[in-house]
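Peer 1: Next come a sequence and a model predicted from it.
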Amino acid sequence: MLKKWHIGVALGALLAVGFSAGASADEAYIPLISKGFQHQFWQAVKLGAEQAAKKDDVRITFEGPETEAQVDKQIDMLSAALAKHPNAIGFAALDSQAATPLLKKAQSEKIPVIAFDSGVDSDIPLTTCHTDSVASAALAADKMADMIGDAGEVAVIVHDQTSRTGIDRRDGFLNEMKAKHPNIKIVSVQYGAGDHLKSAEIAKADLQAHPDLKGIFGANEGSAEGAAIGVKESGRKVVLIGYDSGKEQMDAIRSGLMAGAITQNPIGIGACVVDSAVKALKGEKLPTNIDTGFYWYDKTNIDDPKIAAVLYN
Amino acid sequence: MEPNTAIPTERSAAQARAPMIGFGLNHFIGAQAQQKLLAFLSLIVMFIFFCFASPAFGQMDNVIAIMQATAVDGVLGISATFVIITAGIDLSVGTLMTFTAVMCGVFLTDWGFPMWVGILAAIGTGALCGSVSGFLIAKLKIPPFIATLGMMWAVKGLSLIVSGVKPIYFNDTPNFYRISQDSLIGYVVPSMPIPNGVLIMFVLAIFATIILNRTALGRYTFALGSNEEAARLSGVNVDAWKIAVYALAGAITGVAGLIIASRLNSAQPALGQGYELEAIAAVVIGGTSLAGGAGTILGTIIGAFIMGVLTNGLRILSVAQEWQTVVTGVIIILAVYADILRRKRA
């Protein structure tokens, strides 16, 4: 009959959080449903949102599924968030179509929706706070061309071939090379799921297969850091360009193993969502898109206050 | 079969607190039914607690959302229950669910077949892959853990290959969303628009219970789990029945594939991994032993709802996501430990 006892423990644990959750009822409540949760990038978005929430005097929660494949889990999260009758909602869709019925519900209940990151493919969100991924990857391509003398072989390691950021960063990089740097040959585009080890193996295989390889572009944190491991292990000298930040990547840039990287402004994305939601609640008009910006950083400007503010460990 | 558990002679603390109920239970129903009743009571208590903790929780909309979120795990749990009763395990249910959804998408969207063909394609794909797992286990004597681990990756890869690593949308089959999202119950009782996905789970649970308790397949499912050698010696074709159990489990997984594909109106090829563990969690919370030979479908459905209510309730209370995960883990361990204690006492 220990069932009662276990219920007791569970309830005891829940009771505490139950009361703390009910404490602040009159502040505006804005849940953010993100595409992820555990990656440092999403934690930085969360931080930005929390800072803005404090400034704007609103209450937020931040949730996201464990992997970007879990479309249905994200829908469940959105559904639970709507059940709480929030004042506004921040949403980064994994699959816009799957979320449409719930977004329509939000619209019919007059809950403003602010999209972020890859956004929502629909006209329901009032605005989208995001990075121009194509332009940011094009900047990486230009930097690469610059550093390898505008000619030679380059390999690309992308986190995945389905997500918006994966597609846009890959195509942004490839198209820029094709359009502006015809003497650069992309010899390999491979996908490492953003996994350090897999990306490292891909980088080593690329180096093995192409003895004249001059550069590698890693399209997200895991891809870039993995590529750095692969380059280090192979002992070769190539121009390595990364994306986003993270401690390992920043260390690699400081040590010269990595030439530099593109950083988004995740803290700015989080702040933009909350600020836009607050503006929407005040009835202010919002632009369709808000570009939260991206920057090139390398050894020379990594400690620049403007850059350091958007980097995360 | 589950051994008949004796009624404890001494009065436990819980019975002392509620002597009337304890007395009634002991006299009118067996201990196994009591366990299920207690699991059900835990679910009710949890539900009532969340209702008091947040007014948003008990609203019809949210209750329906909980049911909808539970439908897939519940159906996968039914599939896993069959396999686990045979003392086996099926790690492939998550990715196989995805593969059945993708195959359904191939038949409907890529090849333009009518909807019923797509439904058969999903269930048939599931049954086929299930029987392959069953064959590997029964005939090639590969341990279930390894055989289904291999199947898990194989079908995960096949989903990506067949779909071209892109979601397959069902926009050309306008009625496809009805499988999961429409509500037959809502037409009869407009105030309770319970989605069809949930209805399918309940209907399937009833069929599965009948198969498990009233058919030869069910009898041999239990026999395989409690003493496979004895069954073999008494002339039962254990290999054939084992393959049949895995094929049935695969077919049920195909139903889960249909529910999730219809709910998302797309087959998402990268989804699925991790769902097998949720299904197994629902099964063990529901009192089915991983040692095999005992288990019930009703227990699994209750287990799936305990998970669903907990996940949703913690979200509604805005509990930090890190802590949601911790609480879920603790509840699984406590539920199974309580069950172990009960068996020891019995």
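Peer 2: Sure, I can see it.
Peer 1: ok, the residue nearest the centre of chain B - contacts?
Peer 2: Most central residue of chain B, judged by C-alpha distance to the mean C-alpha position with Cα atoms, centre = their mean, is B:G77 at 1.3 Å. Counting by Cβ atoms under 8 Å, 6 or more residues apart in numbering or on different chains, B:G77 touches B:A279, B:A282, B:V283, B:G286, B:T300, B:I301, B:G303, B:A304. Quick note: C-beta positions are derived from backbone N, CA and C, even for glycine.
Peer 1: Which of those fall in helices?
Peer 2: The subset of those located in helices under the criterion DSSP state H comprises B:A279, B:A282, B:V283, B:T300, B:I301, B:G303, B:A304.
Peer 1: Quick check: the second one touching B:A71?
Peer 2: No: between B:A282 and B:A71 there is no contact under Cβ atoms under 8 Å: 11.7 Å.
Peer 1: What pLDDT does the model give A:K185?
Peer 2: With respect to pLDDT, A:K185 scores 95.
Peer 1: hang on, I meant A:K4
Peer 2: pLDDT, A:K4: 49.
Peer 1: likewise the one 3 residues further on?
Peer 2: In this prediction, A:I7 carries a pLDDT score of 50.
Peer 1: For the contacts of B:G77, work out which two are farthest apart.
Peer 2: Spanning the widest gap among the contacts of B:G77 are B:A279 and B:I301, at 11.8 Å by Cβ to Cβ.
Peer 1: Just give me the neighbour total for the residue nearest to A:I184 when sequence neighbours are not counted.
Peer 2: Leaving aside its sequence neighbours, A:I184 sits nearest to A:M177 (Cβ to Cβ, 6 or more residues apart in numbering or on different chains; 5.1 Å). Other residues near A:M177 number 22, with proximity taken as other Cβ atoms under 10 Å in any protein chain shown.
Peer 1: Which one's more surrounded, B:A279 and B:I301?
Peer 2: B:A279 (32 against 26).
Peer 1: returning to that earlier point: ok, now which ones touch the residue nearest to A:I184?
Peer 2: Contacts of A:M177 by Cβ under 8 Å, 6+ apart are A:A141, A:M144, A:A145, A:V154, A:I184, A:I186.
Peer 1: A:K185 in helix, strand or coil?
Peer 2: At A:K185 the chain is in strand, as set by DSSP: H, G, I helix; E, B strand; the rest coil.
Peer 1: The closest residue to it other than its chain neighbours and chain B, how far apart?
Peer 2: When the adjacent residues along the chain are set aside, A:K185 lies closest to A:E153, with 5.2 Å between them (Cβ to Cβ, 6+ apart). Taking Cβ to the nearest Cβ, to the nearest Å as the criterion, A:E153 is separated from chain B by 25 Å.
Peer 1: Repeat that for A:K279.
Peer 2: Taking Cβ to the nearest Cβ as the criterion, A:K279 is separated from chain B by 23 Å.
Peer 1: Can you find the residue of the stretch 101-250 of chain B that comes nearest to chain A?
Peer 2: For the stretch 101-250 of chain B, the residue closest to chain A is B:V165, as judged by Cβ to the nearest Cβ, at 5.3 Å.
Peer 1: picking that back up, assign a three-state SS to the residue nearest to A:K185, would you?
Peer 2: Per three-state DSSP, the secondary structure class of A:E153 is strand.
Peer 1: Kindly state the beta-bridge partners for it.
Peer 2: Residues found in beta-bridge contact with A:E153 (criterion: DSSP bridges) are A:K185, A:L213.
Peer 1: In contact with A:P101, which residues?
Peer 2: Taking Cβ under 8 Å, 6+ apart as the test, what A:P101 contacts is B:Q181.
Peer 1: Can you name the helix or strand that it falls in?
Peer 2: Here A:P101, judged by DSSP states H and E, is contained in helix A:96-108.
Peer 1: Residues in contact with stretch A:128-136: which ones?
Peer 2: A:114-120, A:164-165, A:168-169, A:171-172, A:175, A:243, A:262, A:264-265, A:268-269, A:272-273, A:276, A:288-294.
Peer 1: got the contact list for residue 76?
Peer 2: Just so you know, I chose chain A. Residues in contact with A:D76 (Cβ under 8 Å, 6+ apart) are B:A65, B:Q68, B:A69, B:T311, B:N312.
Peer 1: Hmm, no, I was thinking of chain B.
Peer 2: Shown here is B:L76, whose contacts under the criterion Cβ under 8 Å, 6+ apart are B:V93, B:G94, B:M97, B:I252, B:T253, B:A256, B:Y275, B:E276, B:E278, B:A279, B:A282.
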